[in-house]
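**Q** below are the sequence and a predicted model for it; my questions follow.
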Amino acid sequence: MGLLDGTVLLVSGGTQGVGAAVARAAVREGAQVTISGRRVDAGEKAAADAGARFVAADVADPAQALASVAAVVTAHGRIDALVNAAGLTDRGTLLDTTPELFDRHVAVNLRGPFFTMQAAVADMVGRGAPGSVVNVISSSELGGQPYLAPYVAAKAGLAGLTRNAAHAHRFDRVRINGLDIGWTDTPGEDATQRRFHDADDTWRAAAAARLPMRRLGQADEIADFVVFLLSPRSGVVTGSVIDWDQNVLGGLD
């Protein structure tokens, strides 16, 4: 449909999973896409598969987060849209999380998006041009599992940041929204289940059996929703953190 025709887009954390799916969907809708990530081999492959460009960047380092946006502006003369999809899901409870683990979560899940948004919005505002940002958050930010304490803390911060930045820049015509995604089938989730929960090849089927729709969410489904939020078709919506999940907040059995 060409929802993003001519849009210059950076997808942070676009080397796999949801980020890579967003890149593919955005290219199909006419965007000029750059993806960023830590792993060069995976990033170059994901970019080639999507028809995008790749910039190596570890968003845990603010300088690299800022530089990833600068690289897009250098290549295209501007940045119109940003998706923050990079994420860290290493496990930790309130009682066993070390300061080092806590800091890693904040660095990837909160500080990185903060500074990519800072650079992208600065370019939009500096040009007096509208723009759009979508932050991939998590339904866990609303409370989450006990073993995700530092993750929840950082993602809850990202939800708050999304609303704050949207409010601050609404008169600049920069729309900033977020998605609280639920349990999603991605390569990263598969690795996490095997590393932290001793899962085998049956974990997807077992997980699906416990979910209301009897299936995990799919990255391509989320990508289509992200593209819609980035596009003018989503109208004036800003500051919204939307539940993209099959469980209902506050619903009890």
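**A** Okay, I see it.
**Q** geometrically speaking, which residue is the centre of the chain?
**A** Nearest to the geometric centre of the chain sits residue 85, at 2.1 Å (CA atoms, centre = their mean).
**Q** for that one, give me phi and psi.
**A** Phi and psi for residue 85, reported as degrees, to the nearest 10, are phi -120, psi 0.
**Q** tell me which element the residue lying closest to it once chain neighbours are set aside falls in.
**A** Nearest non-adjacent residue to residue 85, counting by CB to CB, 6 or more residues apart in numbering: residue 19, 3.4 Å away. Just so you know, the C-beta spots here come from the backbone N, C-alpha and C atoms, and that holds for glycine as well. Element membership for residue 19 (DSSP states H and E) is helix 17-28.
**Q** immediately after that helix, which helix or strand?
**A** Counting by DSSP H and E, what follows helix 17-28 is strand 32-37.
**Q** could you dump that following strand to PDB, C-alpha only?
**A** Extracted as PDB, the C-alpha positions of strand 32-37 are listed here (Å, rounded to 0.1, in the frame of the first residue of the first chain):
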ATOM      1  CA  GLN A  32      14.300   3.700   3.100                       C
ATOM      2  CA  VAL A  33      15.400   1.600   6.000                       C
ATOM      3  CA  THR A  34      18.600   1.400   8.000                       C
ATOM      4  CA  ILE A  35      18.900  -1.200  10.700                       C
ATOM      5  CA  SER A  36      21.400  -1.100  13.600                       C
ATOM      6  CA  GLY A  37      22.800  -3.800  15.900                       C
END
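**Q** quick one: strands adjacent to that strand?
**A** Strand pairing for strand 32-37, using DSSP bridges, gives strand 8-12 (parallel), strand 53-56 (parallel).
**Q** what lies in contact with the longest one?
**A** What that stands for is strand 8-12. By CB atoms under 8 Å, 6 or more residues apart in numbering, the surrounding residues in contact with strand 8-12 are 19, 22-23, 26, 31-37, 52, 57, 59, 65, 68-69, 72, 76, 78-86, 112-113, 116, 120, 230.
**Q** next one: it to chain centre, how far?
**A** Taking CA atoms, centre = their mean, to the nearest Å, the mean C-alpha location of strand 8-12 is offset from the chain mean by 11 Å.
**Q** that one vs helix 17-28, what angle?
**A** 170 degrees (axes from the mean of the first three to the mean of the last three CA atoms, to 10 degrees).
**Q** buried sites along strand 8-12?
**A** 8, 9, 10, 11, 12 (16 or more other CB atoms under 10 Å).
**Q** what is the rounded mean pLDDT of that strand?
**A** Across strand 8-12, pLDDT averages out at 98.
**Q** now the shortest one
**A** When pLDDT is averaged along strand 53-56, the result is 98.
**Q** immediately after it, which helix or strand?
**A** That would be, after strand 53-56 and using DSSP H and E, helix 62-76.
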